[in-house]
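*Asks:* Here is my input, please return the structure:
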Amino acid sequence: MTTSRPSALFILFCSVAGVAVGLGAQSPGPQPVPMPPPIIAPRDIPYPGTIQLRVDASDVERRIFRVTETIPVRGGEPLTLLYPLWLPGNHAPRGRVDHLGGLKIFANGQRVDWTRDVVDVFAFHVRPPTGAAALDVQFDFDSPLDTSQGRVVMGQELLDLQWNQVMLYPAGYFTRQILVEPRLQLPAGWSFATALERATNATGVISFEPVTVEMLVDSPVFAGRHFRTFDLDAKDGPPVRLNVVGDRPELIAIPNERLDAYRALVQEAYRLFGSHHYDHYDFLLALTDQVGGIGLEHHQSTEIGEATSYFTDWDRHINNRDVLSHEFTHSWNGKFRRPADLWTPNFNVPMRDSLMWVYEGQTQYWGIVLTARAGLLSMQEALDGLAIVAATYDELRPGREWRSLQDTTNDPITASRRPLAWNSWQRSEDYYREGQLIWLDVDTLIRERSHGRRSLDDFAKAFFEIHSGSSTPVTYQFEDVVRVLNDVLPNDWATFLRARVEGHGPGAPLDGLARGGYTLTYSESPTSYYRNVEANNNTSDFSYSLGLSIAPNGQVSTVIWGSPAFKAGLARGVQIVSVNGIAYRAEGLKTAITDNKTGAHPIELQIRNRDVYRTIVIDYRGGLRYPRLERTGSSPALLDEILRSRR
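*Replies:* Have a look, this model is predicted:
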């Protein structure tokens, strides 16, 4: 008996059929458990009733905020309470629900059980009993006792109350549609400031006017034992106040010349933006070692924490003088005009940060410009600071080769400002200062092509002046920015901006410097501004020569990817024991760098990495290099004009 072999077509048919059977059959492994129902989406309708919120912030010894809320409900209808997760100004999911403790819920005096959502752990499900008209909610915010647990917000002499840390709010509604009536208890004898409108202050409990949850979270409170308020009231707008709280009374005695400069800042901002979007504005400034530093924008206030010596040693803090200007600018750029994908209907809907190079980059630009125009920085100081920014992105960001500026706008979410091993290569929130260079590029191009008749100041008026007096946010997209720029000066701004935010170099966008009448150069001696930055960072900075910075004890603080130090095998944390056989001193290393400009004396370093000692040689011949700006050409410098006062 003879048999025939199956045809190739038959074999292919059987193979395909087998695959189809296999795909249709369930594999023997585990199968996923169905996800729970999603949290109800927010709707733009009023929440029925007003939430009563009371915060007792008097336990400064143990740093505990005790919270009680009365939330109107419909009995028998399930309710989900949310703890804020995506925080404005953070651009990221940084809510600290892990610090919430002791959550108990009652209705008509009876305990009501709650269940945390197993997927969204910032959501708490509760079913009010039939007939209940309100839920009484109790919990505490157990704030950090030290920095290992997060930012410290309460000290013996002062505190920073962020309302998002001390409230739960109902899901299913826009936060602008939920009213809350807040009350606050402070330690006896303390004073406070906030953008909220005060109703009464009886028996040690401060009552505020009803406000939306959206505005409440945007209105922090600074309070303390040592407190002063200074009037910065501008003739052209509503009241503006500088509220200062400090660890000791002498810290908050601000010299008149500083106050005059801050008054000038308000005037310069009004001249630039031609509008205001608040009924009153409160700078909240803490000078403290007890509470963690911060620089956070709000629509009608700032939230700023600086060193105790901020005013008593003014010259030391030269590189931080733009902080108030930056956060003030955000009232226009970021809070009033806001990127459309960054605005969310509540604090638990994810934010998207695609236009952070406008939100933060242009604010960084205006922050420095306004600081100089107000006289908080001299023109030379502003130029020296800009030299460091330009040099940083021209030489110290090799990561631009692989990662665009646009991609760094994801950093608030991906990195959350956690330290990076190789910041120069991995890149961080570069949309701030590299964005500043881009907007300088835009400004000088407009000035050059219009022969000085137009500038980015005209863009600021056109973009931010609308609806003056209104605090209702107006969102924008990339096309809106391009349209207004074209109204100021016709150009292919879309291509111009995309090339800079999506490109990879080589080199930083320095055309704005050239048009502005300056070029980036390097000298063997640092500017006073550079020395100040070194002192504040407590390092000796050799970034533009060897490519590293070093702490006073010889420990390497940073190493630039691809630099001579990097190629020699150095990394953060390595200890430099000696330079050319002599115990490490910063001055000794400077001498060694200078001595090897001819190549006759290579730099020999003995280093210790944990328990291992070894000797390395760096044959670097470029000498000491510190960035500065050098004037070019004989025509008036556009950059000087940009920084000049408008008063």
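*Asks:* Give the buried residues for the particular helix or strand that has residue 392 in it.
*Replies:* Assigned by DSSP states H and E, residue 392 belongs to helix 379-395. Neighbour-count burial for helix 379-395, counted by 16 or more other Cβ atoms under 10 Å, picks out 379, 381-395. Any C-beta I mention is one placed from the backbone N, CA and C, and that applies to glycine too.
*Asks:* Can you tell me which of the residues you listed is nearest residue 176?
*Replies:* For those, the closest approach to residue 176 (Cβ to Cβ) belongs to residue 389, at 37.1 Å.
*Asks:* Identify the spatial nearest neighbour of that closest one, chain neighbours not counted.
*Replies:* residue 433 (4.8 Å; Cβ to Cβ, 6 or more residues apart in numbering).
*Asks:* Number of residues surrounding that neighbour?
*Replies:* Residue 433 has 22 neighbours, counted by other Cβ atoms under 10 Å.
*Asks:* is it true that it touches residue 362?
*Replies:* No: between residue 433 and residue 362 there is no contact under Cβ atoms under 8 Å: 11.9 Å.
*Asks:* for the stretch 1-150 of the chain, which spans come out with low pLDDT?
*Replies:* Where the stretch 1-150 of the chain drops to pLDDT under 70, the residues are 1-25.
*Asks:* At which residues are the strands of it located?
*Replies:* All strands of the stretch 1-150 of the chain, identified by DSSP state E, counting those that start in this stretch, fall at 50-59, 64-72, 79-82, 86-87, 92-93, 100-107, 110-112, 114-116, 123-126, 134-142.
*Asks:* Any figure for the gap between the residue nearest to residue 545 when sequence neighbours are not counted and residue 132?
*Replies:* Using Cβ to Cβ, 6+ apart and skipping the chain neighbours, the partner closest in space to residue 545 is residue 625 (4.9 Å). According to Cβ to Cβ, to the nearest Å, residue 625 stands 71 Å off from residue 132.
*Asks:* Over to residue 219?
*Replies:* For residue 219, the distance to residue 132 - Cβ to Cβ - is 30 Å.
*Asks:* Break this protein down into its domains, please.
*Replies:* 38-215, 350-519+633-643, 528-626 (automatic domain parsing).
*Asks:* Between those domains, which one is closest to residue 317.
*Replies:* domain 528-626 (7.2 Å).
*Asks:* mind checking how far the closest one is from the chain centre?
*Replies:* 31 Å (Cα atoms, centre = their mean, to the nearest Å).
*Asks:* Also stretch 420-438?
*Replies:* On Cα atoms, centre = their mean, the centre of stretch 420-438 falls 13 Å from that of its chain.
*Asks:* Repeat that for stretch 299-315.
*Replies:* Centre to centre, stretch against its chain (Cα atoms, centre = their mean), the figure for stretch 299-315 is 16 Å.
*Asks:* Stretch 107-115 too?
*Replies:* Using Cα atoms, centre = their mean, the offset of stretch 107-115 from its chain centre is 39 Å.
*Asks:* which residues touch that stretch?
*Replies:* Stretch 107-115 is contacted from outside by 73, 75, 81, 103-106, 124-129, 131-132, 134-136, using Cβ atoms under 8 Å, 6 or more residues apart in numbering.
*Asks:* Just the buried residues of the residues you listed.
*Replies:* Buried among the contacts of stretch 107-115 by 16+ other Cβ under 10 Å: 73, 81, 103, 105, 124-128, 132, 134-136.
*Asks:* Closest one of these to residue 372?
*Replies:* Of these, the one sitting nearest to residue 372 (Cβ to Cβ) turns out to be residue 81, at 47.2 Å.
*Asks:* which residues of the stretch 451-600 of the chain fall in helices?
*Replies:* With DSSP state H, counting those that start in this stretch as the criterion, the stretch 451-600 of the chain has helices at 456-464, 478-488, 493-502, 511-515, 528-537, 564-567, 586-595.
*Asks:* Rebuild these as JSON lines, extending it with mean neighbour count and distance to residue 174.
*Replies:* Converted to JSON lines, the helices of the stretch 451-600 of the chain look like this (neighbours: other Cβ atoms under 10 Å; distance: least, Cβ to Cβ, whole Å):
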{"stretch": "helix 456-464", "mean neighbour count": "21", "distance to residue 174": "24"}
{"stretch": "helix 478-488", "mean neighbour count": "17", "distance to residue 174": "22"}
{"stretch": "helix 493-502", "mean neighbour count": "16", "distance to residue 174": "31"}
{"stretch": "helix 511-515", "mean neighbour count": "21", "distance to residue 174": "40"}
{"stretch": "helix 528-537", "mean neighbour count": "16", "distance to residue 174": "42"}
{"stretch": "helix 564-567", "mean neighbour count": "20", "distance to residue 174": "50"}
{"stretch": "helix 586-595", "mean neighbour count": "17", "distance to residue 174": "56"}
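*Asks:* circling back to that earlier point, how about the strands of the stretch 1-150 of the chain, which one is nearest residue 308?
*Replies:* strand 50-59 (21.9 Å).
*Asks:* That closest one versus strand 134-142: what angle between them?
*Replies:* 30 degrees (axes from the mean of the first three to the mean of the last three Cα atoms, to 10 degrees).
*Asks:* Which neighbouring elements make contact with strand 50-59?
*Replies:* strand 64-72, strand 158-161, strand 179-185 (3 or more Cβ pairs under 8 Å, 6 or more residues apart in numbering; DSSP states H and E).
*Asks:* From the buried residues of helix 379-395, pick the one nearest residue 328.
*Replies:* residue 382 (16.8 Å).
*Asks:* quick one, what contacts residue 281?
*Replies:* 195, 238, 239, 240, 241, 300, 301, 328, 331.
*Asks:* For it, list each beta-bridge partner.
*Replies:* residue 240 (DSSP bridges).
*Asks:* how close does it sit to residue 216?
*Replies:* Counting by Cβ to Cβ, the gap from residue 281 to residue 216 is 17 Å.
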